[in-house]
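Undergrad: Got a sequence here, can you build the structure:
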Amino acid sequence: MIILSPENRYLTSGPTFYATLRPNKSLTFKELALVLIGFSSICVFISIIFLISGAWPVLGFLGLDILILYLAFRAHDRSTKKYERLSLSPNLLLIERITCHGHKSHWSFQPHWLSVDLECDHNAGQKLSIQSKGRKLEIGCFLNTDEKFELAEALQIKLTCLKSYK
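TA: Numbering: from 1, shown residues only. Model prediction:
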């Protein structure tokens, strides 16, 4: 998911382009809880049937299924907390990447030398990267193809405006 700032018509000392990139979160916490409760209810019903028929060891495996599904949902929810921020001003492009554990990484590039590349890799899909003076950084690796194209186009338009303004 890309959250773009409103367009600025005039270049100022502040950011002229600002975007926050976040992974797609398909279910809300409430929906995840409903899926887990529904799955647990089915497992409890099935385990009662097996318990009545004398196959009590099945209870442990059904409980293990519930635990594994819970851990998978928890890992998915944690992975959607990562994001990237892009802030472009006339003198600097600042990229801030925050992992799901809260670790921050920063990169800065001069917009005058910057190029935006959208490469097609047959094995990994499309890669969106920023390149300047021999340094290359992939951004938005969790975005889908349309979102990468949209971000590349918006960033390229802003860079062209900045370069023609100087």
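Undergrad: got a list of contacts for the helix ranked longest in the chain?
TA: Longest helix in the chain by number of residues (criterion: DSSP state H): helix 29-52. Counting contacts by Cβ atoms under 8 Å, 6 or more residues apart in numbering, the residues outside helix 29-52 that touch it are Leu27, Trp56, Val58, Leu59, Leu62, Gly63, Asp65, Ile66, Leu69, Tyr70, Phe73, Asp77. (Glycine included, C-beta is placed from N, CA and C.)
Undergrad: just stretch 133-152 next, same as before
TA: Taking Cβ under 8 Å, 6+ apart as the criterion, the residues outside stretch 133-152 that touch it are 1-2, 19, 21, 23-24, 82, 84, 86, 95, 107, 109-110, 113, 116, 118, 125-131.
Undergrad: Stretch 86-103 too?
TA: Applying Cβ under 8 Å, 6+ apart, the set of residues contacting stretch 86-103 from outside is 11, 13-21, 78-85, 104-111, 114, 130, 137, 139, 155, 158-159, 162, 165-166.
Undergrad: Many thanks, I have nothing further to ask.
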